[in-house]
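> Got a predicted structure here, sequence first:
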Amino acid sequence: MKNVLTAEKRRAALIDCLTAADSPVSASALAAQFSVSRQVIVGDIALLRASGANISATPRGYVIDRAQQGCRRTVACVHSCEDTAKELNIMVDNGCTVVDVIVEHPIYGQISGRLDLASRYDVAQFVEKLSSEEAPPLSSLTGGVHLHTLICPDEAAYRRVCKELSKEKLLFSE
């Protein structure tokens with residue numbers, strides 16, 4: 001007979017699992033680990049968030065938000081969907097983590113999506129998921145105009161990102 005955790009103990013174990021993880025953990029992987037359905041995990045995460053747990057959903061799974069080292073900056077970009085990988089690779093190649101993407105929607109106001117991309121591998125997985133799910137990036141809602149929140153190791157890295165984005169005509173300027 002299986003040792004089944006109560007819902008409360010499972011949620012505590014979920015926090016422990018996400019805290020110990022070095023990378024995002026998918027709902028499917030958590031469901032398999034705890035012998036429950038993916039939907040049970042999604043519900044558990046919602047309840048944990050409602051109780052104050054700082055859990056974010058990324059394209060690759062759930063993460064516990066941790067204080068990130070470096071300077072936090074925002075960069076405004078504009079480009080077609082085809083230039084998404086180029087833009088993101090410029091950012092991660094300069095040592096920055098792409099925290100999120102933000103668009104300004106005429107009806108809903110600000111819409112953001114958590115990314116947490118820190119390497120070319122992360123970018124490749126993200127772009128592949130966009131393709132395999134046939135999901136357009138959020139920037140498609142705004143004619144390609146969007147913001148990214150970056151965590152950069154220093155100001156010099158942020159300036160390099162802006163310079164390279166400008167050179168590639170990906171930096172938004174009026």
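Everything's here; your move. Residues are numbered from 1 along each chain as shown.

> Please enumerate the strands of the protein.
55-58, 61-64, 71-78, 97-105, 109-117, 145-152 (DSSP state E).

> Measure how buried F34 is and give me the count.
Neighbour count of F34, defined by other C-beta atoms under 10 Å: 19. (Each C-beta comes from the backbone N, C-alpha and C, glycine too.)

> Nearest residue to it in space, please, no chain neighbours.
R10 (5.6 Å; C-beta to C-beta, 6 or more residues apart in numbering).

> Give me the distance between the one you found and S140.
Here the criterion is C-beta to C-beta, to the nearest Å. By it, R10 lies 37 Å from S140.

> low-scoring pLDDT stretches of this protein, where are they?
1-4, 67-68, 174 (pLDDT under 70).

> Could I get the full set of helices for it?
7-20, 27-34, 38-50, 84-93, 120-132, 155-167 (DSSP state H).

> between R10 and S140, who's got more neighbours?
With neighbours defined as other C-beta under 10 Å, R10 and S140 compare such that R10 has more, 18 against 14.

> Can you tell me which of the helices of the chain is most buried?
Ranked by mean neighbour count, these are led by helix 84-93 with a mean of 20 (mean count of other C-beta atoms under 10 Å).

> Report the angle between that one and strand 145-152.
Put simply, helix 84-93 runs at 20 degrees to strand 145-152, going by axes from the mean of the first three to the mean of the last three C-alpha atoms, to 10 degrees.

> CA-only coordinates of helix 84-93, as CSV, when you get a sec.
Only the C-alpha atoms of helix 84-93 are listed here, as CSV (Å, rounded to 0.1, in the frame of the first residue of the first chain):
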residue,chain,number,x,y,z
THR,A,84,13.0,36.6,-30.5
ALA,A,85,15.9,34.3,-30.2
LYS,A,86,18.4,36.9,-31.4
GLU,A,87,17.1,39.4,-28.9
LEU,A,88,17.1,37.0,-25.9
ASN,A,89,20.6,35.6,-26.8
ILE,A,90,22.1,39.1,-26.8
MET,A,91,20.8,39.5,-23.3
VAL,A,92,22.0,36.1,-21.9
ASP,A,93,25.3,36.3,-23.8
